[in-house]
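In: below is the sequence, then the predicted model.
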Amino acid sequence: SSSSSVTITYTLYAAKNGTFGIGASHALVNGRKLSSRALKITVFGHAARNAGAPNMHGQQDAYDEPRMRAAGTQISGSDLFIKVSANKKRVHEQEPILLTYKVYTQVELTQLEGKMPDLKGFHTQEVQLPQQKTFHTEMVNGRPYKCVTWSQYVMYPQMTGSLSIPSITFKGIVVQQNRNVDPMEAFFNGGSGYVEVHKDIKAPGVNIQVDPLPQRPANFSGGVGKFNISASLDKKEVKAGEPITIRVVVGGIGNLKLLKQPIVNYPKDFDKYDAKVTDKTRLTSNGVEGNMIYDFLAVPRNQGKYTIPAVEFTYYDTSVNAYKTIKTQPFTLIVDKGDSSSSNDTRDFSNNDKDIHSLKLGKTKLHDIDDMFYGSFGYWTSLLVPLLAFFALLIIFRRRALENADIVKVRSNKANKIATKRLKKAHLLMLKGKQGEFYDEVLRALWGYVSYKLNMPAEKLTRENIQEKLTEHNVDENTIEKFTTALDECEFERYAPGDPAGNMTRTFDCAMTGIMEIENAINLVRKNRKRNRAGYSFLMIVVAMLGFASTARAVTKNNADTEYQKGNYQQAIRDYEDILKSSGVSADVYYNLGNAYYRTDNITKAVLNYERAHLLSPGDEDINFNLQFARSKTIDKITPESEMFFVTWYKSLVNFTSVDNWAKAGIIAIILALVLVLLYLFGPHLLLRKIGFFGGIVFFVVFLLSNLFAYQQKQALVNRTGAIIITPSVNVKKTPAKSSADQFVLHEGTRVDITDKAMKGWRGIKVGDGREGWIETTHLEEI
């Protein structure tokens, strides 16, 4: 990766004394708006007007004297000098020394070059400092100086005695003002009004006294500093001919890169191979710190039970000025009888040609960590609405079933339909001029209508009975009279003289009027009831719609995704973290943040964010893959405690999807269960009722299980105990005290579960393989 910067310098002149504000500057870079801070400047007194020059980084303090001097002014050793300091001037052989070069200036220094020569007797590494130097103010002998740490080196003495670090001459350029040139004339004529003065600045040398180490033990590793060691075996039981790997990790601070390789004493029946060495160290101002990883591959050839002895590591501890021997735990390996397919399988130790899965693009829903749909008002509303709808439909269907069981009411409802059918037939007969058949059909329509409508058998169909029944149904006398008139008209017109067509028309109209009047009168009350039911049904629909209505709050992360795709991983990390701080959590954002950290080779932070994404969405395949892939890059290889297969299956089922997805599945299941119950109660066929019965039971069980899984996931999320080791290595203590005995060593990126938070500054932890102990809170970050 690379970075660049563009500096634009503006020279301003104050016309009068006072306090002035300079607003923020703005720039558009790669589609992003950037802005600086606004400044306030206090102007007082009088100063000679200078034409301005490139200024050193950092703001000038109020008590600084002007650094821009006139051309030809002598630059003394008190105006510009370099201090050289060593954090230790008496050390043991191989003990690291931090050498610092610091520049102090009261002039306008614009450029400085100087390089450490190759030193005899030292192994030297330069500490990477920011290329953009930032000056600050320090007082030296009562005078203010702008100063900056220019360079730092970590040096490991390889010889004993008095060793000298020679002086270095730095080449500097100082800008002075040519006061013989008018600044405005210089500006318009292309001049600068400045003079560059080349100045040599000599940094003094330093003498270091290097004492020899005490007489070295036979197994001395060459390590000088403070170290720890751990080891892990990838398998506890294998077949003969199958490879095993012991990973030995040496961590701490010291000359890690200069260590001798640890020795693993395999049994004689094992074929041994060269170790794969992985350097996980970094150079800091404290020296080289981190871990050296040694993967030892071996293949057992014969069946049996073997013990692999502890791996020892002897180093010189500079904190106590004595040799120390630390060691790992021994391992027991059971080798079963092998087969031909397992022979000569030494595996390729190179990295597999795999990579993490790509980003999750597009919008995502951000929310507070405890803000879940499951258990919310919306969740309970979503359960209540289907239940209310179920009971409403139950009442409606039950009433309809009772109505269908009422033969009287069924016949009444069919009366109008039958009468209409017969009148249509009578109308066709009238058009054909068939008088006898026409009048017979009209009479059948009239008598049949009242028979069905009033549920009267044919033998009781008399005018008196009809009038009595219609009165009971609240039909007014006028309407009753019209109907009986229609009966009389039909019987009279059959034999009446005159125009046959006109007689039939009058009879047909009279019959139609009589039936319609009775139908309207009887159904008036029913219509009012139906109107009330319709209003109630509409209200239920509105309530249901309101209950299921939801809004989605989508927060875009396109800028962060774009930065990632451009390869600007550090900017993407800042953007993702800003989103999480300001808008809430999201599995997708944590996943993308983990990807960005992985691309910057920060495996620890990648694992931490993948774990957080997994906690929010445990069933996501991309998250699970990247989490396992990142874990494979960590140092500690933890073999989880064994558990019954059905426990593993159950956990996998619980983590199949997220809390809210289980909650939504439960709601869908209860809706389907209620629908199937209605089908069972009111289905017209036996097969449908069976489907409703057994289907309802199945979906009700699904509803119960979905809510159980959602509850367990929510408890795991709210009461989360996971944490990630964030320091290169840490000694896990037996009790919560620094003086306690060391139990074992863990390295960065390893997941642990917190078991005890009672002790301030300490956490009781448990590793996946069952080991327990205590570590300080500064060594871990909770998931």
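Out: Noted; the coordinates are in hand. Numbering: from 1, shown residues only.

In: how many residues are close by the residue lying closest to Gln712 once chain neighbours are set aside?
Out: Ranked by CB to CB, 6 or more residues apart in numbering and with sequence neighbours excluded, the top spatial neighbour of Gln712 is Val654, at 5.6 Å. For every residue, glycine as well, the C-beta is placed using N, CA and C. Burial of Val654 is recorded as 19 neighbouring residues (other CB atoms under 10 Å).

In: residues in contact with Val654?
Out: Taking CB atoms under 8 Å, 6 or more residues apart in numbering, we find Val654 in contact with 709, 712-713.

In: what number of residues lie near Lys324?
Out: 14.

In: from here on, call the first residue 19.
Out: Okay, using 19 as the starting number, the last item reads as Lys342.

In: who's in contact with it?
Out: 332-335.

In: confirm that it sits in a strand.
Out: Yes - counting by DSSP: H, G, I helix; E, B strand; the rest coil, Lys342 falls inside a strand.

In: is it in a bridge, and if so with what?
Out: Beta-bridge partners recorded for Lys342 (DSSP bridges): Tyr333.

In: just say helix, strand or coil for the closest residue in space to Leu798 that isn't next to it in sequence.
Out: Of all residues not flanking Leu798 in the chain, Ala741 sits nearest, at 4.4 Å (CB to CB, 6+ apart). Judged by three-state DSSP, the three-state class of Ala741 is strand.

In: can you pull out the helices in the stretch 469-618 of the chain?
Out: Applying DSSP state H, counting those that start in this stretch to the stretch 469-618 of the chain gives helices spanning 481-490, 495-513, 518-566, 576-584, 587-601, 605-617.

In: returning to what we had before: let me know the closest of the contacts of Lys342 to Leu351.
Out: If you rank the contacts of Lys342 by distance to Leu351 using CB to CB, Thr332 comes first, at 25.3 Å.

In: pull the number of nearby residues for that closest one.
Out: Residues lying near Thr332 (other CB under 10 Å) number 19.

In: residues in contact with the nearest residue to it once chain neighbours are set aside?
Out: Spatial nearest neighbour of Thr332, chain neighbours left out: Thr343 (4.5 Å); criterion: CB to CB, 6+ apart. Shown in contact with Thr343 (CB under 8 Å, 6+ apart): 235, 237, 330-332.

In: those residues, buried ones only, as a ChimeraX selection?
Out: Remark: buried members of these, expressed as a ChimeraX selection using 16 or more other CB atoms under 10 Å:
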select :331,332
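
In: low-confidence ranges, the stretch 469-618 of the chain, go.
Out: Residues of the stretch 469-618 of the chain meeting the criterion pLDDT under 70: 476, 512-516, 543-574.

In: from Gly779, how far out is the residue nearest to Thr332?
Out: Per CB to CB, to the nearest Å, Thr343 is found 30 Å from Gly779.

In: same thing with Gly160?
Out: Distance, Gly160 to Gly779, using CB to CB: 43 Å.

In: thinking again about what came up before, quick one, phi/psi of the residue nearest to Gln730?
Out: phi -60, psi -40 (degrees, to the nearest 10).

In: ok, it to Ser724 distance?
Out: Relative to Ser724, Val672 is positioned 11 Å away (CB to CB).

In: now do Leu406
Out: 21 Å.

In: the two: which is more packed in?
Out: Between Leu406 and Ser724, counted using other CB under 10 Å, Ser724 has the larger neighbour count: 22 against 14.

In: confidence score at the more buried one?
Out: We have a pLDDT of 91 for Ser724.

In: what is the one helix or strand it maps to packed up against?
Out: Under the criterion of DSSP states H and E, Ser724 resides in helix 704-736. Under the contact criterion of 3 or more CB pairs under 8 Å, 6 or more residues apart in numbering; DSSP states H and E, helix 704-736 touches helix 621-634, helix 663-672, helix 677-700.

In: list the buried residues in it.
Out: 707, 710, 713-714, 717-718, 720-721, 723-725, 727-732, 734-735.

In: ok, now stretch 478-498?
Out: Residues 484-485, 487-488, 493, 497-498 are the ones in stretch 478-498 that count as buried (16+ other CB under 10 Å).

In: same question for stretch 744-752.
Out: Applying 16+ other CB under 10 Å to stretch 744-752 flags 744-751 as buried.

In: can you show me the CA trace of it as CSV?
Out: C-alpha atoms of stretch 744-752 as CSV (Å, rounded to 0.1, in the frame of the first residue of the first chain):
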residue,chain,number,x,y,z
ILE,A,744,-5.8,-9.2,21.6
THR,A,745,-2.2,-9.2,22.9
PRO,A,746,0.5,-11.2,21.1
SER,A,747,0.8,-13.6,24.0
VAL,A,748,-0.5,-13.8,27.6
ASN,A,749,0.2,-16.2,30.5
VAL,A,750,-3.0,-17.5,31.9
LYS,A,751,-2.8,-17.5,35.7
LYS,A,752,-4.0,-20.0,38.3
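
In: what are the contacting residues of it?
Out: 246, 248, 267, 269-270, 298, 307-309, 622, 626, 758-766, 783, 789, 791-794, 796-799.

In: change it to 6 Å
Out: 246, 269, 307-309, 622, 758-766, 791-793, 797, 799 (CB atoms under 6 Å, 6 or more residues apart in numbering).

In: for that stretch, what is the average pLDDT?
Out: On average, stretch 744-752 scores 90.

In: still on that earlier bit, which of the contacts of Thr343 sits closest to Phe526?
Out: Phe526 lies nearest to Phe331 out of these, by CB to CB, at 116.3 Å.

In: so what's the closest one up against?
Out: Applying CB under 6 Å, 6+ apart, we find Phe331 in contact with 239, 247, 280, 344.

In: assumed it was part of a strand.
Out: Yes - Phe331: assigned to a strand according to three-state DSSP.

In: for it, which non-adjacent residue is closest in space?
Out: Ile247 (4.6 Å).

In: tell me how this structure divides into domains.
Out: Structurally, the chain divides into domains by automatic domain parsing as follows: 98-229, 238-360, 424-565, 575-736, 740-800.
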